[in-house]
Structures are given as structure tokens and as C-alpha cells.
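> Take a look and give me a structure for this.
(4 chains)
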There are 2 protein chains.
Amino acid sequence: MRARLTASRERIIDAALGILAEHGYAGCSVAAVAERAGLATGSVYRHFPAKADLFAEVFRTASQGEIDAVTRAATAESTAAARVRAVIETFAGRALRSPRLAYALLAEPVDPAVEAQRLVFRRAHAALLAGYIADGVASGELPAQDPELTSTAVVGALAEAMVGPLAAGVAGPDTIGGLITFIHRALGVPS
Amino acid sequence: MRARLTASRERIIDAALGILAEHGYAGCSVAAVAERAGLATGSVYRHFPAKADLFAEVFRTASQGEIDAVTRAATAESTAAARVRAVIETFAGRALRSPRLAYALLAEPVDPAVEAQRLVFRRAHAALLAGYIADGVASGELPAQDPELTSTAVVGALAEAMVGPLAAGVAGPDTIGGLITFIHRALGVPS
DNA sequence: CCAAGAATTGAACCACCGTTCATTTCTTGT
DNA sequence: ACAAGAAATGAACGGTGGTTCAATTCTTGG
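Numbering: from 1, shown residues only, chains lettered A, B, ... in the order given. As a prediction, the model looks like this:
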């Protein structure tokens, strides 16, 4: 019974994530989510007090997956420059592989309550980068700078450069390479 | 009569802009706009076929004002580095002076139809910067790069770095200076 | 000054969608 | 097998807010 309950909860989240990845947030009515999960509309409210809570969790889960992937790629490297490169490649690569989901997580209009979760997502990426940048500054690999500010700017540059390709469906031939050069320069990585 | 008509239209746009700057897009119901313009709700529809059309024009007008201000500041300079600096200072300075409006133009959740106009806004800034960057590359002031990509990344970095301060109400002591350094480095401006 | 037509009004309309809840179905311990 | 309680159902509700339109007011040419 307990298992069935948590299974339903999982199915709801998966269904929401699926619709998010296929039709964006606009397609995510509670009725649509419930139908895809094989439940009645009202049953969603046995698991989540409100739609915003459901999608806060969906965004949180999806974001954590992205953060984990990026972190995994970065920790395999040892210099700040290589770590930042790994973050960019992983972030952009995954976004281009799931463009609809990436757009929803990054830029699609959502309820204010869910928007808050998106900020958490971006801040988590920025915090990760800030750590690498601070390490690089401490070790002398990078010039002095405010890691909070530069990591935020890096996340903004990354996200903005992705939104166009995500909307258009394809990225230019060397979008990722160009971004790496841009960001390495911006952080003062020696060439 | 003709004059009265266009005057009403102007008043509607001004009212919408005013509410946008004071209460954000969330406060911009058609009824609220009409009341501030001194008209009945229904009269708005004599001038605009739908709310989205009204706000597309509002966003377009406001954006054009920002673009003009930034362009004016940049054309007073002669090197690519100085022009980019002028763009950053003007953009950020104006945003911090009208934080609510800037937030609405940059990041607040809006209808998809209005969102499209926001992309135009960001693209216009990027196009402006792309021109300066391309000139800089052509004259040898800047290293080789794809001006489309780097200008987009610059706009993203700028916008992302502004959203935090705009939400918090204040910018850090040297946010703008830090951004200039970051972006100059990113573009390869010689130090 | 007076119709004729345009402009304005604002209350009513309607569609959408999140949320609720009385009813039904299922699970489980005895 | 049975009762008691939990879980699921889905139709109905309600609030919101964009949009419409018949009634009214204003403008203007003769």
C-alpha cells in the first residue's frame, strides 16, 4: 500500500516531466498530467497540495539531475579551466539533446511559484561554478575576481546562447567551442 | 477626432507602461490599464485587437527606448572596447534606476505572445553589440570570434547579472565594474 | 440645430483550469 | 468472508480575467 502510494507519486512526477519535455509547461494542465499518469484528476491532490508544489518538485528533480551530471563531469577534471569546460560541454550537450525540456527549465514562462524554483536551478549552477572559479583564483590559475558575479554571468551567457538554438532546433557548428573560448577568456584562463 | 483617437492609443500605452513599471506584468489586467488611461475596459479593444497586441507594442516601445539610449551612449565612443563599456554602463545603469520595468522587460513571466517580443528586445541589444564587436575584429582591436555568438553571450551575462540585483533591490558595490572587466576579457580586449 | 455615424461605456459573457468532495472501489486485518 | 477505513474517482464548482456588444454619449456636416 505504502509502495503503491509512492509509486503513484513517482508516476505523477514522471508524467509531468514527460509532458514538460514534450509539450512544455503550457501543456501541463493537471488533467493532462493525471491522464498520462493513469489517474483521475483529483488523485493528484492526494499527493500534492497544489499544482505549484507538484511542479516545484518536478523542476527540483530535473534540475538536480542536470546539476549532478554537470558536477560529475567537472569533478573528473583537475584544473579550473578544465572543470569549467566540462560544465559548459555537459550543460550545452544535454540541453541540445533535450531542447524542449531545457527550454522549459531555462526560459519558458511559468507560474511565479515555479519561477522561484528556476532561480534555484540557475543559482545551483552558478554556485557550482563559483566554487571552481574561487579555487582557480586561490591557486593562482585565474586572476582576481568576484566568483559570485562571474559565475552568475557565465550562467547567463550559457543560458542565453542556448535559448536561440533551442528555439531554432539546431545549434551553429561551433556554438559550444565558441562558448568555451568566450568563457575561458572572460575568467582569465591563460591561453 | 483623429487626434483624439491617436491620443487615446497613446494614453493606453502609457498607462500600460506605467503599471508595468510600478506593479509588473502581473498587475497589468486590461481593466487596470483602461482605468489608468481614463477609459472603459472595452475601449481598449477599439485600439488593439487583443491584450497581447497591446503589450507587444508596449514592450516594443519600451525596448526601443532602451536600445536608443544604449546606442546613443555607444556612438559617442570610438573604440570597440569603449562602446561595449558604454553599452554595459547604460544598460545596467538604466535597469538599476527602473528596476521593476527592467525586470518586466528582462525576466518576468509573461504570455508567450509577449515573450516573443522580449526575445526581439534581447536580440536587438545583441545585434547592436554584434556590430561593434565585428568592427573591433575587423580593425584588429579584438581577436577573431563569431560576433553573433559572443554578443548573445554578452547579453545573457548582462541580463543574468542584473536579475539578482533587480530582485534584491540593490546591486553589489562594483557589479558594473566587474561586468565590464568580465566582458572585456571575454571579448579579448587587450589590458 | 439636428440627425447620422462614430466612439465610448461597462456590465455580462465565456472559456479555462485549478481545486474540491460526495461517491465508489479497493485493500487489509480478523 | 466481512467490515472498516483508506484511496481513487471525475463531475461540478468557483475565481479569474480577457473579450464582447447593446445601449449611451459625443462629434460633425448640412
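> what about A:L105, how many neighbours?
Residues within reach of A:L105, counting by other C-beta atoms under 10 Å in any protein chain shown, total 24. Glycine gets a C-beta too; all of them are placed from N, C-alpha and C.
> what's the answer for A:V30, then?
Using other C-beta under 10 Å, the number of residues around A:V30 comes to 18.
> doesn't A:V44 make contact with it?
Yes: at 5.6 Å, A:V30 counts as touching A:V44 under the criterion of C-beta atoms under 8 Å.
> Now do the shared contacts for those two.
A:K51, A:L54 (C-beta atoms under 8 Å, 6 or more residues apart in numbering or on different chains).
> Which residue is the nearest non-sequential neighbour of A:R9?
Excluding its sequence neighbours, the residue lying closest to A:R9 (C-beta to C-beta, 6 or more residues apart in numbering or on different chains) is A:H47, at 4.7 Å.
> I'd like to know how far that neighbour sits from A:A40.
12 Å (C-beta to C-beta, to the nearest Å).
> what mean pLDDT does stretch A:53-69 have?
The average pLDDT within stretch A:53-69 is 95.
> more neighbours, A:H47 and A:A40?
Each of A:H47 and A:A40 has its neighbours counted (other C-beta under 10 Å); A:H47 has more, 19 against 12.
> contacting residues around the more buried one?
A:H47 neighbours (C-beta under 8 Å, 6+ apart): A:L5, A:S8, A:R9, A:I12, A:L54.
> I'd like to know which elements the longest helix belonging to chain A is packed against.
Counting by DSSP state H, the longest helix found in chain A is helix A:112-138. Other helices and strands packing on helix A:112-138, by 3 or more C-beta pairs under 8 Å, 6 or more residues apart in numbering or on different chains; DSSP states H and E, are helix A:51-75, helix A:80-97, helix A:99-106, helix A:147-168.
> Please state the mean pLDDT value computed over the helix or strand encompassing A:R46.
Using DSSP states H and E, A:R46 sits in helix A:44-47. What helix A:44-47 shows for mean pLDDT is 95.
> Would you mind listing what in chain A touches DNA strand C?
Within chain A, the positions adjacent to DNA strand C are A:M1, A:C28, A:S29, A:V30, A:A31, A:T41, A:G42, A:Y45, A:A50, A:K51, A:A52 by C-beta under 7 Å from any atom of the strand.
> Was I right to think the fifth one contacts A:G42?
Spelled out, that is A:A31. No: in this structure A:A31 lies outside contact range of A:G42 using C-beta under 8 Å: 10.0 Å.
> In chain A, what residue comes closest to DNA strand D?
Using C-beta to the nearest atom of the strand, the single residue of chain A nearest to DNA strand D is A:G42, 1.6 Å away.
> what about that residue, which SS state?
Under the three-state scheme (DSSP: H, G, I helix; E, B strand; the rest coil), A:G42 adopts helix.
> ok, it to A:A113 distance?
Plainly put, A:G42 is 21 Å away from A:A113 if you go by C-beta to C-beta.
> higher neighbour count, the two?
A:A113 (13 against 9).
> what sits against the residue nearest the centre of chain A?
Using C-alpha atoms, centre = their mean, the residue of chain A that lies closest to the mean C-alpha position is A:S63, 4.6 Å off. Contact analysis of A:S63 by C-beta under 8 Å, 6+ apart lists A:L105, A:Q117, A:V120, A:F121, A:A124.
> which of those residues tops the neighbour count?
Going by other C-beta under 10 Å, A:L105 tops the contacts of A:S63 with 24 neighbours.
> hmm, back to that, close to DNA strand D, is the longest helix of chain A?
No: taking C-beta under 7 Å from any atom of the strand as the criterion, helix A:112-138 and DNA strand D are apart, separated by no less than 11.5 Å.
> so how far is that helix off the chain centroid?
In this view, helix A:112-138 has its centroid 10 Å away from the chain centroid, taken as C-alpha atoms, centre = their mean, to the nearest Å.
> For it, buried residues please.
Using 16 or more other C-beta atoms under 10 Å in any protein chain shown as the test for burial, helix A:112-138 gives A:114, A:117-118, A:121-122, A:124-134, A:136-137.
> low pLDDT regions in chain A?
Applying pLDDT under 70 to chain A flags the ranges A:1-3.
> Contact residues of it facing chain B?
A:26, A:109-112, A:115, A:122, A:145-146, A:149-150, A:152-161, A:163-164, A:167, A:172, A:174-175, A:178-179, A:181-183, A:185-188 (C-beta under 8 Å from any C-beta of the partner chain).
> Going through those, which ones are buried?
If we count by 16+ other C-beta under 10 Å, the residues of chain A next to chain B have these buried: A:109-110, A:122, A:145-146, A:149-150, A:152-161, A:163-164, A:175, A:178-179, A:181-183, A:185-188.
> quick one, what contacts A:I12?
A:V33, A:A34, A:A37, A:L39, A:V44, A:H47, A:F48, A:L54.
> Name the member of the residues of chain A next to DNA strand C with the most neighbours.
Busiest of the residues of chain A next to DNA strand C [other C-beta under 10 Å] is A:C28, holding 25 neighbours.
> I figured that one hits A:F55, correct?
Yes: at 7.1 Å, A:C28 counts as touching A:F55 under the criterion of C-beta under 8 Å.
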